[in-house]
Structure formats: structure tokens, C-alpha cells
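Next input, structure requested:
(chains A, B and C)
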Amino acid sequence: MSQSFEEDRPQAAGLLLAARLSGFTRLEYVSQYAVWFLLVVVILVGAVASPHFLTPNNIFNVMRQAAALAFVSLGQTFAIMADCVDISVGSMISLTQCLAAGTMNGQAAGILPALGLIAGAVAANGLANGLAVAKRKGNPFIVTLGSMAVVQGVVLLYTGGSPLGSVPDGVRQLAEGYVGPAPFPVVLVVVLFLLAHVALRRTRYGRYVLAVGGNEEIARLSGIRTARIKVATYLLSSAAAALTGIFLAARMNIGDPLVGVGFDLDSIAAVVIGGTDIAGGRGSIVGTMGGVLLYAVLNNLMNVLNVSPFYQIVAKGAVMVIAISVYQLRYSR
Amino acid sequence: MPGTRLTGRGSIRMFQSLHSQSEAISQGGNSAMKRILFGVASLILIGLAVMALPAFTQAGAPTVDISADYRWSTDEPIQWQDTTKYKKAGPYKFGFSNCSTTNAYAVYFWETAKWEATKHPNKIAEFLTTDAGDSAAKQLSDVEDLIAKGIHALIIRPCTLDAAVPAIEKAMDKGIPVIISNRSTKTSKYVTQNTTPWFDRGRNQAEWVVKQLGGKGNIVSFEGPAGSGPAVEGFQGAMSVLKNNPNIKILARKATNWSRAEAKATMEDWLQAFPKKIDGILQQSGIMGAGVVEAIEEAKINPCSMPQSGDDYNGYMKWILKNKCNMITTNPTWASGASVVAALMILDGQPVPKQWNIPTKIYDATNIAEITDLSKSDEWMPNILPKDWKIGGK
Amino acid sequence: MLAKAISRPVGSPRSFLGLCQRLDQAGIVWLSVLLLVLIASILSPAFLTIRNLLNILRQASILGIISVGQTIVLLSGGADLSQSTVMTLSAVVAFQYLAGRDAMILPVMLLCLAIGAAVGLFNGLMISKVKVPPFLMTLGTRTIILGVGLVFTQGVPQGSITPLFRQVLGRIDLLGIPGQIFIWAVIVLISWVLLKRTVFGRRLYAVGGNRRAARQSGVQVDRILIVAYVISGLLAAYGGLMLGARSGNADNALGHGYELNALAASVIGGTSFAGGRGGLGGTVGGVLLIIALQNVLNILGVNPNAYLVAMGLVIMAPMVLLKVQR
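Okay, here's the model as predicted:
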């Protein structure tokens, strides 16, 4: 922890105390390794099983496929760290994808209105969740369960239940384009993760998030505006979901009201597998990246190995359980 | 033509061999004789070519043996696709992207494709399959993965009308022929489509219900998952009949997601909401139909007083056999086999119809015994798999 | 500012609003159920009939049983997402081995309950000994059991049930009331006694409230957790048998969605996701609310997509509008 921060304000001292209390540093470091170890094992299995696995084409495919989960998991990482789990992200992804494709309808003129509507949806959902959790002391799980249902109902009503819309070519580049040799979404994911990592370690917001999630009482007593942090975190989580929705609109060229199904639980799983404590207060952005990659590589590996879908399902569940167990064994007493 | 020396390149192989033969003759013969022989040979060849031509343009005469199960329907004029550009030598690598395998229909569908593939071991070297778990987003990734593995042909059962369209079009652009199987897609960039059109089935179902009600009465409608191709197209087919029958009113409709329990609970509620008012039931599937008839029975009403349509889910068929009312339209599980055959034909350069529809059949209480199997569970569906085929085998 | 205004108690304890503001979450849920019944009766004469109310209770009974298990697990500080696929596995196994033979009913039921208990044991062990977060552990188990069910049936469930099986699992009416409702009531009663009147129940609340403190007080935390998950697994397996008996078939998506509904019912009924707080009274209310809402929307012919919006608002509104006593 930096010295200058401690010199700054009295609340910094309380913050430092909170951080030390949550035993953040060493354990996060260790549990991060578990997911990378597993990732290496899976990659080795894939490399041995098929010559196609480690080709640049396949690697870029996998990373492009992982991008969607990566964006939303980024927001979910902050949410879980702040003890503000957000299970409405799945339906937010569906809503924003449909707003994007439905408003743009293949025309460039529709881009700004679409962005406007999406921004409105993000603000509404983020504020509703944040205020309910922060001001009304609602349980994050119940609150976001409620907003998940509302948002999903809204998108079903808006689309009438069927997929709709399309995306202009320029926007499709978001998913299909390249920056040099690398696909654009991959570059975007890397950039965003770096920014988030820096934000977590070096900005005040990042440290406050950990403090609030670790022990809210102490954080509040240290002078941190916990309500503001929670609202900001929910806005961030909804924004991350919106980015995923826009990305998927570009990738699939359609707005599907059910596209987001599964992302809520998958993002939580990816975050926790990556070493973030579900109780809040400690975590790692880099670990989340590992969790997301593990998911995507595993899916790809199953396809490469041409495993029967029934066994695939068993295998995925088993890997998940193993991943979590390994991580837990390493840092439980 | 006669007298012109042909070069070896850019000519049909026969010409080539003849050319070398004529070269051999010319080494030791006189040139006039050589020219006559050459001319005769050319004429024979042209004649043969002309005779072979009809195979490429005549309707309904490909040289692959197509079993009766896979025969396309001729209700609509056939639009032939020229597939010569896809012709390549085997053995081939096929990719099959399935939407899901977590219901019995999908399982039989998949198994039929695998079985058909085993009938052509010399031509199909690898038969790769993926399961998208009902996610259109995952299906896009699956198709990308298959393309990356260098498949020669793609067979796809799309989750929704828009599922994987970018990847389908990418495959076609790359010269990989795409065969759409069982469900429709919104793009027209494919070579052939093997479906049993849900529109026709919905239309048949509605026609029957309307006829049973004498053109007048109240109905309720049960449909598949909202937004799915089958549900949407099926209902459109039904509406094409209903719009001409203004005395038939739809009291309520619900998407009950191919779930027997959900359909049963919904019917219970509707029997409460519309007491004695429901005259008929527009039903898309047999699995839901089986739940609905039970709800009616439990309400102490005779289910045969509410004519209901359905499909060839064994549980429903057994009920029809026992109670002697209601009807079904079949949803053949073997369109996938036709897709495998179609892929082989395409890669052999043979023409295929763009819409290769497998026709549906209508059965009611009088003839349902033909396709019902009382010895099998409710989840069974009619299929063409051989009796000893093990489900789940590779 | 608005939030501050809402949080100040407005009415005296004797006024209706004042009373509302002093209710706990379980009270709110039952109030919502009452309001729903009132509004529905006004909007449609078909709602308030004996037959319809019995329908609602009958439809609610399976979710109700599952929710009892979920509540117990929530009280221990966890959650059980694997209930849905345990239901499905139990049903497909039952159908396969029953194969239409009455004699097999008892052995098959025992087998399926044993499967449910085994899954619960696995969950409990991993959560207590290996300290895997319950949410994730049961998510993983859910996936594994889904796969096991698919492998077992190879995608096409076989077998069938008998009329006797269906009767045993609740098709018989007693005094005109469907058997399933009685079964649900009995299970709720037994569980209530377990939670409120036994040592186990007290210890369960203690473990959920503060695991470390409970351990330091000498409570066998691991044992309590394992028992909680085993109960949940047993009830899930039983619920699966009832669902199979009710719908007459067992397909591989039979239990889909039940675990989330059970979670929602428990949580909006006042059982805290953090553990240690809540109870079955609120859960029963939560289950009734969910099923009654579904029923009302069917009867009124409301756009089914609106169900989710309605459900979400019902969940969030009390929280936002009233200051719930903590």
C-alpha cells in the first residue's frame, strides 16, 4: 500500500485497517494461481488431442467467443467485490442487444438513438438496483432478482417474444474487425481489463469498493460514502452488461430476447473461479480473466474433441467443481 | 474441329486419352486415316455428352439412390441448385451443428444423421457434431469452430431463424455448402433446406380443428417457445386458415415450451377462466397435447368434446388410439438423414432442390395404430433407425 | 431526499399504513397474497371459485415442497441450485425402473430418495469440509446431475408409471381436497417443528447466522450443514417423483426452473440469503404468491411476457416502498 495514501486523510487509516483485516494480499495471490493452473492443463489436453487447437485461427475464435462473457464478468467482479452481486446482468444483456439491433435496424442513423436508449436503460437499472440496495438496505440478491424479472419482461414485451432488428456494417466491425493481426474484441477486452486492474489497485474507487465489500460498517465509519460506491458499482455492472449486449448485437446481427440467459450465473462463476471471494472484500481482475478463459477454452475443447453432448455437460460441471475446490483447498484451513 | 490439334490441357479427360491414343496411332499410321479416326471419336464423344446432358437439367433424375423416406415433396415447383462448383473428391469431413439434444425429438434427429453417415463409410471420413444447448449465441461459436476445423460441408439445425446467420453466410462465402436441416433460417444463402414446413403443419392442424367445429366456435392455442421458428411458423400457418373463418375465435394462446406439466397447468386455469366455452384446441405438439387432455379429464369433461391437434409424440398417439378422437400431423425425425444424403450429392456435383421438404402426414383415430408403438415409452417418436441401433453410439 | 421521506414512518400503529410499516418480510408477502386475491376476484369471477383455489394450491404443492428444502438450506447460510436437476434425475430413474409395474413402486421410490440424499450428501460434504461456496458448488452439481440424467437416458427417457404410482403420490382426493396439498402441508408441518422446536433447528439458525461463533460454541457445524443439504436433496427427489406423477411423463427438462422459483419464494418470504434469519411461514406465502400470480395472468389472458414484469415488481416494490423491519 502506498505511503502517500496513508498521509492523505484520516479515513485512509481506517481503510487500510479494513484492507488488512480482510487479509487481502496474500490469499488473493495464491487462489489466483489455481485457475491458471487449470487453464494450462486444459490447453495441454487440447493441444495433444487435436492439431487444430493451437492454431492462431482457433485461438482467435476462442478469444472472440470469450469476449462477451469477459465484458460482463468485468462488471460483475466489481459488483461481487463490493458485496453487491448483480444477477440482473443476463436480462440487461438481452435488453441492450435488442435495443441496439431494434433501434439501429441496419441503419447508421440509428446508432445514436440506440446508444441513447441503452444509456437510459443502464442508468435506470443501475440506479434502481443501487438505491434499493444502498438506501433501502435491500438484499442484493432479492433486489437484482426483481430487476432481472422486470428487465426480462420488458425485453419480451418490446420484442413481442421474437428476435428482431439488425446492425449496420460499421457497427459489426466491433465484433468482426481486426486491429492488426488481432480481432478487435480481443484487443478491447485486454484494454478494458488493464484499465480495470489499474482502477482496482490504484484509484480511490477501487480501494473503496474493496473496503465496502469487506466490512461495510468499518468503511462507513472511516468516512467512505458507501451508498455512492454501491450505486456506482451497480451502474458499472449494468454498463458492462450493455457493452456485452452491443457486442453480441454486432456479432450475431440480431436482437434476441433470450440471448442473455445464463450469463448471470456464468459471470458469477467465472469471477469466483478466478479467485474473488463471493462474500466480498477481496478479489482480482486478472483472476476473472482466467475464469472467463477457462470457460471458453473448455467449450472449445469439447467441440474439438467431439465429445458427446451428454458427457460434455457432466464434464463441464465436474471441471467447475474441481476448479472451485482447488481454489478453496488452497486457502482454507 | 477435325484436323485441329488439341492440346492436353483444358479438355475433358476422354479427349485427353483419345488424344494420346490418336497420337500413338499417328506415330505409325498415315495422316488421313488419323484424321478420320479422330473425327469419328469426336462425334461419338459429342453424342455421349449430349445424351448425358439431360441428367443435369431434367427434373428428378439424380443418380444417387434416394430412399422413399427422404423423397422431397413435389407440392411446389422444384428450384434446382447447380452444385458443380462444390464437387470435390472424398473422403469428406462433415460438420453437424445441432441446436440441442435435450429432448427426445432432437435425439432421434441426431441419431438418424449419425446412422445415415455410417452407411457411407468410404465417403465420410469424419462426422463432427456440436450441440449449442439451445443458445443461438453458442451456435454461432459452434459453427465457427466447425469451419475452423476444415469441414467440407455444414449441416445445421438452427435454434432460431437468426441463429448463426453470420457464420452460415461466411461458410457459403468460403465455398462450404450449407444444408439447413429441420428448422428454417432467415438467410437465403444456403444450398438446400430439408424441413417439414411448420407452416404446412400449422395449416393442417387448423384446417382439421375448423372442420371439426363446423367453422364456428371458440378455441385456445398452445405453442412452442415464443420466438422459435416452429412456434412462429406454425402459428402463421394456422392463421392462414383462421383468417378465412371469422366465426372461430381464439380465446387465449400461450407458449408452453413443449412442457407437458406447463400445458396441463395452463389448461386447468383456462377451464376455470372459460367454463363451458372452449370448443376446440389448436395444439402444436403431442407432448403438450398429452398434458392438456389430462387436465380436461381431471375436470370431469370428456376430452373428445374438445377436438385437439398434435404431433407424433408417442404418449399422445397412445392416448388417441385408446380414446378414438383427435388428430396429429407428423414431424419426421429423419430430415437429418436426408441432409446427409444431400451433402453427399452436393459434394458430388449433383443438383439438389433448394427446398427439399420432407412431407408431413396426417393421422387420426382411424389410422394412428400404424405409427403408434405401445411397447415404447411416451417419449418415443417414430423414426427410421434400425432396431439394433444403439442410441449414443458414435 | 425521496428515500429519506419514504423511510420515516408515516402512520400510527393503528392505521393501515402504519401497520404495514411494522410488518416483517413474511408479513408483507402474505399481505401481497391477500391483495392479489382481492384484485383478482374483482377482475374476474372465475378466480374466487373453490375449484380454482384448489387448482392453485395443487399447482403450488410441488414448488412448495421444493421450497421447504431451499429454505432450510438458506437458513444454514447457503443455497441449493441443484434441486431442479435432482428432480429430473429422480423422475427419469423412477420411470425407467418402474416400467409400469406396481410391485416396484416402493423400491423405486426408495432408490430415488436415496439418490436425492446422496447428492445432498455430496453437496454438504463439499460445502462443509472443502468450504466451497454453496452457490457455486450447487451450480456445479446441478450441471453434473443434468449430464448424469442425460447419460442415463441417452436423451430419450424410457419406461412408464402406473396409475397406482400416481395415486400414491397425491392423486387421491381426501374430503374433496387433492392429496398433493395434504402432502405439502404435512411436510411443512414436520419441517416447522424441526426448525422451531428441536435442537437441530436452533443450531441451524446459529450456523447460518454466524458460522464461526456457532463452531466456537461447540456446534458441530459440518454435521448441521450436511443434514441441511441432505434434506434439500431428499425433498427435491420427492418433488421430482410428484411432478412426474402429476404430468404423467418424465423428460430431461422436467424440473427446469424449480430451484430459482424456490429460491425466490424463500427469499421474498423473508428468509435471508445471508443465513440465520427467516422461516417457513414466509416461504409458504412466497410460493402462493408466485403460483397465484401465474394463475391470475392465465385467467385474465394477460400477455404472458407481462408475468415477469409483474413478478419483478412484486418482489421489489415492498422493499422500495416500505421500510421493512430488519
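
how near is C:Gly208 to A:Asp264?
Relative to A:Asp264, C:Gly208 is positioned 24 Å away (C-beta to C-beta, to the nearest Å). Using the backbone N, CA and C atoms, a C-beta is placed for each residue, glycine as well.

can you pull the buried residues of whichever strand or helix holds A:Gly206?
A:Gly206 belongs to helix A:204-214 when assigned by DSSP states H and E. Residues A:206-214 are the ones in helix A:204-214 that count as buried (16 or more other C-beta atoms under 10 Å in any protein chain shown).

And chain C, is it touching that?
No - if you take C-beta under 8 Å from any C-beta of the partner chain as the test, helix A:204-214 misses chain C, and the best it gets is 13.6 Å.

Give the next helix or strand downstream of that helix.
Scanning forward in sequence from helix A:204-214 by DSSP H and E, the next helix or strand is helix A:216-221.

Is that following helix in proximity to chain C?
No - judged by C-beta under 8 Å from any C-beta, helix A:216-221 makes no contact with chain C; its nearest approach is 12.3 Å.

Could you tell me the angle between the direction of the next helix or strand after that helix and that of helix A:204-214?
For helix A:216-221, the following helix or strand on the C-terminal side (DSSP H and E) is helix A:226-252. Angle of helix A:226-252 versus helix A:204-214, following axes from the mean of the first three to the mean of the last three C-alpha atoms, to 10 degrees, is 110 degrees.

show me where pLDDT drops low in the chain?
Unless you meant another one, I'm taking chain A. Along chain A, segments meeting pLDDT under 70 span A:1-32, A:327-333.

looking at chain B here, not the other one
B:1-65, B:392-394.

Please enumerate the strands of it.
For chain B, applying DSSP state E gives strands covering B:80-81, B:92-98, B:124-131, B:153-156, B:178-181, B:192-194, B:217-223, B:248-255, B:280-283, B:327-329, B:352-353, B:362-364.

And the most centrally placed residue in chain C, how far from chain B?
Nearest residue to the geometric centre of chain C (C-alpha atoms, centre = their mean): C:Ser67, 1.3 Å. Taking C-beta to the nearest C-beta, to the nearest Å as the measure, C:Ser67 falls 17 Å from chain B.

near chain A, which residues of the stretch 151-300 of chain C show up?
Proximity of the stretch 151-300 of chain C to chain A (C-beta under 8 Å from any C-beta) is limited to residues C:151, C:154-155, C:263-264, C:267-268, C:272-274.

Kindly indicate the member of those with the most neighbours.
When neighbours are counted by other C-beta atoms under 10 Å in any protein chain shown, C:Ile268 leads those with 29 neighbours.

quick one, what contacts the nearest residue to it once chain neighbours are set aside?
In space, and not counting its chain neighbours, C:Ile268 is closest to C:Gly286: 4.8 Å by C-beta to C-beta, 6 or more residues apart in numbering or on different chains. For C:Gly286, the contacting residues are C:29, C:67, C:264-269, by C-beta atoms under 8 Å, 6 or more residues apart in numbering or on different chains.

which among these gets closest to B:Glu116?
B:Glu116 lies nearest to C:Ala264 out of the contacts of C:Gly286, by C-beta to C-beta, at 45.2 Å.

which regions of chain C lie under the pLDDT threshold?
For chain C, the stretches with pLDDT under 70 are C:1-23, C:318-326.

Where do the strands of it begin and end?
Using DSSP E, the strands of chain C run over C:173-174, C:177-178.

Check the gap between C:Met137 and chain A for me.
Per C-beta to the nearest C-beta, C:Met137 is found 7 Å from chain A.

right, and A:Gly280 touches A:Ala79 too?
No - contact criterion C-beta atoms under 8 Å: A:Gly280 and A:Ala79 do not qualify, at 9.3 Å.

More neighbours: which of the two?
A:Ala79 (31 against 23).

ok, the helix or strand hosting the more buried one near chain B or not?
Secondary structure assignment for A:Ala79, by DSSP H and E: helix A:56-81. Yes - applying C-beta under 8 Å from any C-beta, one finds helix A:56-81 touching chain B at A:57-58, A:61, A:65, A:68.

Report the contact partners of the closest residue to chain B within the stretch 151-300 of chain A.
Closest residue of the stretch 151-300 of chain A to chain B, C-beta to the nearest C-beta: A:Gly161 (3.3 Å). Applying C-beta under 8 Å, 6+ apart to A:Gly161 gives the contacts A:257, B:226-227, B:255, C:305.

Which one of those residues sits in the busiest neighbourhood?
Highest neighbour count within these, by other C-beta under 10 Å: A:Pro257, with 26 neighbours.

Now that that one has come up, it's in contact with A:Leu157, right?
No - the criterion here is C-beta under 8 Å, and A:Pro257 misses it with A:Leu157 at 9.3 Å.

Hmm, C:Leu289 and the residue nearest to the centre of chain C touching each other?
No - C:Ser67 lies out of contact with C:Leu289 (C-beta under 8 Å); the separation is 11.4 Å.

Touching both of the two, which residues are there?
Common neighbours of C:Ser67 and C:Leu289 (criterion: C-beta under 8 Å, 6+ apart): C:Ala265.

contacting residues for A:His197?
A:285-286.

which element is it on?
Using DSSP H and E, A:His197 maps to helix A:184-202.

between that helix and helix A:226-252, how big is the angle?
Inter-element angle recorded for helix A:184-202 and helix A:226-252: 170 degrees (by the same axes, to 10 degrees).
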